[in-house]
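Participant: The following block contains a protein sequence and its predicted model.
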Amino acid sequence: MSRDERSAPWIADLYDRHGAALYRYAVMLLADPAGAADAVQQVFVAMLSRAAPPASADAYLRRAVRNACYSMLRGQRRRPLVDVAEPFLELVPGQSGAPDERLALEQAIARLSPEQREVVHLHVFEGLTFQEVADLTRESMNTVASRYRYALDKLRAQLGARI
């Protein structure tokens, strides 16, 4: 056991409870599985400097991952994502669908702005209300609802009859 593991055993527990969800959130923000893994790792490495877990771990970790992702996005040049190099949507057990449909959906989602992907992920995949998304992102509820509506409009336009 390393010194870091002895000094902060609660980090492993936090990772076990929140790591997978934080990774999915980061993947949706970045549309990049490798970058998402880096963002989550960055957050948990930073947690090693803490003496104790944060009071509201879920909210703290989600905010920290969000900040890490947006820092990564600011560091990149704005470039349209045309091809998805690696799948980033999880397969739902029992879900049927052609691989080309999944690829089309991933490419359409990757073309959304990070803010739109974030709202779609938090509302659809994590089940947060628009008010909860607004609280997390520190945006108005109207802004969150607009981003969601614009995202759906873009997805419909890109996917046409597929949805």
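Facilitator: Here it is on my side, so go on. In this text, all values refer to a predicted model and were calculated from it rather than measured experimentally.
Participant: measure the spatially most central residue of the chain to residue 156 for me?
Facilitator: Centroid-nearest residue in the chain: residue 25, 2.0 Å away (criterion: C-alpha atoms, centre = their mean). As judged by C-beta to C-beta, to the nearest Å, residue 25 and residue 156 stand 24 Å apart. From N, CA and C alone the C-beta is placed, and that goes for glycine too.
Participant: Kindly report the same for residue 44.
Facilitator: 37 Å.
Participant: thought residue 54 was touching residue 60?
Facilitator: Yes: contact status for residue 54 versus residue 60: in contact at 3.8 Å, counting by C-beta atoms under 8 Å.
Participant: show me where pLDDT drops low in the chain?
Facilitator: For the chain, applying pLDDT under 70 flags the ranges 1-8, 77-99, 161-163.
Participant: As a check, name the ranges of all helices in it.
Facilitator: In the chain, the helices defined using DSSP state H lie at 3-7, 10-30, 33-47, 57-75, 99-110, 114-120, 130-137, 141-159.
Participant: how about the fifth one as CSV, C-alpha atoms only?
Facilitator: Output for helix 99-110, consisting of C-alpha atoms alone and laid out as CSV, is shown next (Å, rounded to 0.1, in the frame of the first residue of the first chain):
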residue,chain,number,x,y,z
PRO,A,99,-23.8,-0.4,-35.7
ASP,A,100,-24.2,2.2,-38.4
GLU,A,101,-27.1,3.8,-36.4
ARG,A,102,-25.0,4.0,-33.3
LEU,A,103,-22.2,5.5,-35.2
ALA,A,104,-24.5,8.1,-36.8
LEU,A,105,-25.9,9.0,-33.3
GLU,A,106,-22.4,9.3,-31.8
GLN,A,107,-21.2,11.5,-34.7
ALA,A,108,-24.3,13.7,-34.3
ILE,A,109,-23.8,14.1,-30.6
ALA,A,110,-20.1,14.8,-31.1
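Participant: that older thread, neighbour count winner among residue 54 and residue 60?
Facilitator: More neighbours surround residue 60 than the other of residue 54 and residue 60, with 17 against 14 (other C-beta atoms under 10 Å).
Participant: Using the record's assignment, carve the chain into domains.
Facilitator: Following automatic domain parsing, the chain resolves into domains at 1-79, 97-163.
Participant: just how off-centre is the shortest one within its chain?
Facilitator: Spelled out, that is domain 97-163. In terms of C-alpha atoms, centre = their mean, to the nearest Å, the centre of domain 97-163 is found 11 Å from the chain centre.
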